[in-house]
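Novice: Have a look; sequence and predicted model below, questions after that.
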Amino acid sequence: MTDVALKSRLDKRPIQEPTSWDRLKTNKNWLGLWFMLPAGAILILFLAYPLGLGVWLSFTDAKIGRAGEFVGLENYEWLREDSTFLLSVFNTLLYTTVASIIKFAVGLYLALLLNERLPFKAILRAVVLIPFIVPTVLSAIAFWWIYDAQFSIISWSLKQMGLITTNIDFLGDVWNARWSTIFANIWRGVPFVAITLLAGLQTVSPSLYEAATIDGATPWQRFRFITYPLLTPIIAVVMTFSVLFTFTDFQLIWVMTRGGPVNATHLMATLSYQRAIIGGSLGEGAAISTAMIPFLLAAIMVSWFGLQRRKWQQGGDND
Amino acid sequence: MTDLTRRSLVKGGTALGAAAALTGPALLDWAKAWAQASPWKPEKGAKLSMLRWKYFVQSEDDAFVKMIDAFTKATGVPVQIARESYEDVQPKASVAANTGTGPDIFWGLYSLPHLFPQKCVDMTDVADYLGKKYGGWVDSAVKYGKNGNKWIAIPICYSGALINWRVEASKKAGWSAFPTKNDEFLEYAKAMKAQGTPGGFAFGHASGDGNTWLHWALWSHGGQTVDANDKVIINSPETMKALEFAKALYGNMIPGTASWNDGSNNKAFLAKEIHWTNNGISIYVAAQNSAKDVAADMNHAYFPIGPVGKTTELHLMYPALAMNYTKNPQACKALIAFMLEADNFNPWIQSARGYLTHCLNAYDNNPIWTADPKNTPYRDVAKRSLTAGGLGSVGEKAATAIADFIVVDMFANYATGREDAKGAIAIAERQLKRIYR
C-alpha cells in the first residue's frame, strides 16, 4: 500500500529538463576546450605574443628604453640595401645548407654504424653524445682556442710535422672563418642527428632484413629499399629541427668571432642581437629577426607537407 | 684609532693620499661617520644590487668588495654584486631599461647611460659634491657623465688603452724609445716585423682594443665620423689617409689580427708572440705575476701623434648609473658617492695596480702612479682621452655607432682587402647616416 502511494507521488513529479550547464558539463567538446585552455594560454603568452611583439617592433623605430613610432616598412627598406644584412643572409644560408647536409650525412653514417653489432656499443653511443652534452658556450670557447691565430693546436701540430711553416689563419680570413665555424656547428650537431636516427633504426623490424637477405639483397639494396624508406618520416622531423637549430644558431658564432672578421660570419641571429641589444636599435634588430621567419617557415613547411604524404610515410615515392 | 670627526670627513677629504688609507676597524669607523654626515640617506630597508664589469685585476675586485662591505656595515644597506664581461653589461642594462626591472646600479662601458638617458637617475647632486670636493672632473668625464645640464651617470674611472712594447726587441730594431709620430711608428712596425718580433692590434670585433686604437688611427689623421653638429663627415680625404696608414700597419703585424678579440693580444704578448700592442695595464700586471722576464722588459707609451699634431687617444670609460626604476635612489647615490671618497678610492685604485685611472683631479697624487715609473703613463689617460663620437655629441647615437663596430669594420674591410677604400668608407657612411638621421 505504501509502495503504491510512493509510486504515485513520483509519477506526478515533473520530469526535470537538463539545464544548459548540465549539458555543458557532459559535453566532450566543451570539456576538451577547458583542458586545452592552459596550453593555449601558455602558447599565446610565451610564443605568439613575443612573436607578435617582435613583428610589431620591426615596424617601429623603437630604441632600447623607449617605445618607437610606427614607421611602416622603413626598417625593411633600409635592410634591403644594407650590405652587412645581405651578407648575413648569405652567411646564414651557406652555414645552414652546408652544416645541415654534412650533419645529416655524418649522423646517418654514425647511426647505421651504431646500429650494428659493435664491441663496446654502449660506450661508443655515449661518446657520440659528448658534443651534444657539453654546453654550447664551452665548446665554442674550446673551438676558439683550437682556431686561435697564434696558439692553434692544429697549426702547432702541422708545424711540428713539417707540413706548414706559418700558422693557419682560421678565424682571420673570410672563408677560413666561415668553414671553421661551420665545422664547429657540425661537430656540435651530429650527435642529435645520429642518436635520433639511431632511435628510428631501432624500430625497423629485423624480420624485414632477414627476408631481404634470404632474397639475396645486397647491403646497399637493404638500405635503399628497407632502411631509407622506413626512416624517411624521422629524417624529415630530424632535419627540420636540425635546419631550425642551425639557422638560428647564435652562441657558437658570438663566442668565436662576434660576427667577424669583417662581418664574414655574422648570421642573421647575431646581427639582430648586435643591432638591437648592443647597438640599441630595437626596431631594426626586430626587422632582421622577422626576416628570418619566411626561411624558417619554409623549412617547417617542407617537413609538414612531406609528413602529410601517406605513401611517403610508408616508403612510397609519391602520393 | 684614527681621530675622525664628521666635519673633517665631509669637508676635508682627509685621506687624499693613499698613505692615509684606512683599514679594518678604522675604515668602519670612518664609513659610519661618513654615512651619518652623508647628504644621501638610504631609504628605510633599502637593498641594492649592482651589475659591474668583471675585473681584470683580482686585487682590484678584492678592494672593491672590502669597500662595499664597509658601506653595508655603515649604512645597513646590503649590496649584491654581480659581474659580467664588460661587453655583456650593456645588453643586460639595455634589457633592464626596457623592461623596467633589474639591478639598481649598472657599472658599464663607454657611453652606456647615453643609450637610455631618460631611464637614468639624475646624479647631478652627486657629481657636484664629488667635483667640488676632489678638484673637479676632467673634461672627458664631464662629457660622458652629462646629458644636457643633467648628470645621468657618475664617471667612476677610466682604463687606459696605451701602447705596450718590449724594450730589448725594440732596441735591437733601432728604437730605444717608442716612436712618437705616426710615420715613425710605421717604420718601427716594419723593422720589428723584419727582425721577427712583430706586434699587432685587434681588427676584430673587440669592444675595447679594436675601438680604441682604430679611433685613434682615424682621429690622428684628422678623420671624424661626425662634426660638432653630428653631421656625418666620415667620407673625407683624412679618412682615406687613415685607411692607408692602417692597411700599411696591418701588413706589418703578426698574421691573424683580423680575428682578434679583446683577449687575443694579451695572450700573444705574454706568450712573447708579439712585441707591441695596445692594452690596459693588465698585461703588465699579469706579467708581474707570472712572466717576470716580460714585465722587466716591457714598458708603456702613449699612442703616436698623427698629422693632426695633437694627441687623439680613446680610452675606456667606466660610468656607473642608477636606473630610475630603483626603489632606493638615495641609497644608490650614497653608494656611488661613497665609492669615490678619497678614503675608499685611493686604496682601491692602488689595488687596481694602474688598471683604473681616476676622473677627479685630486687623485693625481696617488702614489700608484709614481711607485713604478711604468705605471705613470696611465695616470693621465682621463685627461688625454677624447670621447666616443669624436667631435660629435656623446649620446645615444655615438653609443650605437661604437657598439656597432662601424669604425672597426671600415678599417678591417679595407685592411683585409675585402673592400677598396671608397667601398669601405661608403658602407660606414651609410650606416652612420642611418644612426645620425
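Specialist: Arrived safely, thanks for sending.
Novice: tell me, which helix in the chain spans the most residues?
Specialist: Looking at chain A here, since you left the chain open. Across chain A, the longest stretch assigned as helix under DSSP state H is helix A:83-115.
Novice: Sorry, I should have been clearer: chain B.
Specialist: Assigned via DSSP H, chain B shows its longest helix as helix B:58-75.
Novice: Now it: buried residues?
Specialist: B:60-61, B:63-64, B:66-68, B:70-72, B:74-75 (16 or more other Cβ atoms under 10 Å in any protein chain shown). Where C-beta positions appear, they are placed from N, C-alpha and C, glycine not excepted.
Novice: remind me which residues of the stretch 1-150 of chain B are low pLDDT?
Specialist: Where the stretch 1-150 of chain B drops to pLDDT under 70, the residues are B:1-24.
Novice: any idea where the strands of it begin and end?
Specialist: B:48-53, B:79-84, B:105-107, B:146-147, B:150-151 (DSSP state E, counting those that start in this stretch).
Novice: Dump the first one to CSV, keeping only the CA atoms.
Specialist: By that I understand strand B:48-53. Taking Å, rounded to 0.1, in the frame of the first residue of the first chain, the C-alpha atoms of strand B:48-53 are listed here in CSV:
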residue,chain,number,x,y,z
LEU,B,48,70.9,47.4,-3.6
SER,B,49,72.0,45.3,-6.5
MET,B,50,74.8,46.2,-8.8
LEU,B,51,76.0,44.7,-12.1
ARG,B,52,79.6,45.6,-12.8
TRP,B,53,82.2,44.7,-15.4
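Novice: Can you spell out which helices and strands pack onto it?
Specialist: strand B:79-84, helix B:86-99, strand B:105-107, helix B:329-339 (3 or more Cβ pairs under 8 Å, 6 or more residues apart in numbering or on different chains; DSSP states H and E).
Novice: Tell me which of these sits nearest to B:Ala46.
Specialist: helix B:329-339 (4.0 Å; Cβ to Cβ).
Novice: Which element is encountered next along the chain beyond the closest one?
Specialist: Where DSSP states H and E defines the elements, the next helix or strand beyond helix B:329-339 is helix B:342-351.
Novice: State the mean pLDDT of stretch B:281-293.
Specialist: On average, the pLDDT along stretch B:281-293 is 93.
Novice: so how far is it off the chain centroid?
Specialist: 20 Å (Cα atoms, centre = their mean, to the nearest Å).
Novice: Just the residues contacting that stretch, thanks.
Specialist: Here stretch B:281-293 makes contact (Cβ atoms under 8 Å, 6 or more residues apart in numbering or on different chains) with B:56-57, B:160, B:162, B:164, B:265-266, B:269-270, B:277, B:294-295, B:298, B:300, B:353-355, B:374-375, B:378.
Novice: Would you mind giving the domain segments of chain B?
Specialist: Following automatic domain parsing, one finds the domains of chain B at B:17-159+B:317-384, B:162-314+B:404-435.
Novice: What's opposite B:Thr357 in the beta bridge?
Specialist: B:Tyr158 (DSSP bridges).
Novice: mind checking the SS state of residue 178?
Specialist: Using chain A here. Per DSSP: H, G, I helix; E, B strand; the rest coil, the local secondary structure of A:Arg178 is helix.
Novice: please go with chain B instead
Specialist: Classification of B:Phe178 by three-state DSSP places it in coil.
Novice: For the nearest residue to it once chain neighbours are set aside, which residues are in contact?
Specialist: The shortest distance from B:Phe178 to any non-neighbouring residue, by Cβ to Cβ, 6 or more residues apart in numbering or on different chains, is to B:Ala301 (3.6 Å). Residues in contact with B:Ala301 (Cβ under 8 Å, 6+ apart) are B:162-163, B:165, B:177-178, B:377.
Novice: Buried ones among the residues you listed?
Specialist: For those, a burial check counting by 16+ other Cβ under 10 Å picks out B:162-163, B:165, B:178, B:377.
Novice: So which of those residues sit within strands?
Specialist: B:162-163, B:165 (DSSP state E).
Novice: Apart from its chain neighbours, what residue comes closest to the residue of the stretch 201-350 of chain B found nearest chain A?
Specialist: In the stretch 201-350 of chain B, the residue that lies nearest chain A is B:Gly256 (2.4 Å; Cβ to the nearest Cβ). Leaving aside its sequence neighbours, B:Gly256 sits nearest to A:Ala149 (Cβ to Cβ, 6+ apart; 2.4 Å).
Novice: low-scoring stretches of chain A, by residue?
Specialist: Where chain A drops to pLDDT under 70, the residues are A:1-14, A:65, A:307-319.
Novice: Name the residue of it that lies nearest to chain B.
Specialist: Counting by Cβ to the nearest Cβ, chain A gets nearest chain B through A:Ala149, at 2.4 Å.
Novice: among the strands of the stretch 1-150 of chain B, which is the most enclosed?
Specialist: Mean neighbour count (mean count of other Cβ atoms under 10 Å in any protein chain shown) peaks for strand B:105-107 among these, with a mean of 27.
Novice: quick one, helices of the stretch 101-250 of chain B?
Specialist: Along the stretch 101-250 of chain B, counting by DSSP state H, counting those that start in this stretch, helices occupy B:124-133, B:139-145, B:167-172, B:182-194, B:209-220, B:237-251.
Novice: Quick check: which of the ones you listed is nearest to A:Ala286?
Specialist: helix B:209-220 (25.5 Å).
Novice: give me every residue that touches residue 143.
Specialist: I'll assume chain A. By Cβ under 8 Å, 6+ apart, the contact list for A:Phe143 reads A:180, A:184, A:187, A:252, A:256.
Novice: that answer is for a different chain, and I need it for chain B
Specialist: Contacts of B:Lys143 by Cβ under 8 Å, 6+ apart are B:387, B:394.
Novice: Span of stretch B:273-288 from start to end?
Specialist: 18 Å (Cα to Cα, to the nearest Å).
Novice: scratch that, stretch B:341-361
Specialist: Rule used - Cα to Cα; the end-to-end distance of stretch B:341-361 is 13 Å.
Novice: which of the residues in it are buried?
Specialist: Under 16+ other Cβ under 10 Å, the buried positions of stretch B:341-361 are B:341-360.
Novice: Kindly report the same for stretch B:243-257.
Specialist: Result for stretch B:243-257 [16+ other Cβ under 10 Å]: buried residues B:243, B:245-247, B:249-250, B:252-257.
Novice: cool, and stretch A:188-200?
Specialist: Taking 16+ other Cβ under 10 Å as the criterion, stretch A:188-200 shows A:188-198, A:200 as buried.
Novice: Secondary structure and distance to chain B for these - can I get that in a markdown table?
Specialist: As requested, the buried residues of stretch A:188-200 are exported to a markdown table (DSSP: H, G, I helix; E, B strand; the rest coil; distance: Cβ to the nearest Cβ, whole Å):
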| residue | secondary structure | distance to chain B |
| --- | --- | --- |
| A:Arg188 | helix | 20 |
| A:Gly189 | helix | 23 |
| A:Val190 | helix | 25 |
| A:Pro191 | helix | 27 |
| A:Phe192 | helix | 28 |
| A:Val193 | helix | 29 |
| A:Ala194 | helix | 31 |
| A:Ile195 | helix | 33 |
| A:Thr196 | helix | 33 |
| A:Leu197 | helix | 35 |
| A:Leu198 | helix | 37 |
| A:Gly200 | helix | 40 |
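Novice: angle of the particular helix or strand that has B:Ala322 in it against helix B:86-99?
Specialist: Element membership for B:Ala322, per DSSP H and E: strand B:316-322. Taking axes from the mean of the first three to the mean of the last three Cα atoms, to 10 degrees, one finds strand B:316-322 and helix B:86-99 inclined to each other by 30 degrees.
Novice: Those residues of the stretch 151-300 of chain B touching chain A, which are they?
Specialist: Within the stretch 151-300 of chain B, the positions near chain A by Cβ under 8 Å from any Cβ of the partner chain are B:203-205, B:254-261, B:264, B:267-268, B:271, B:273-274.
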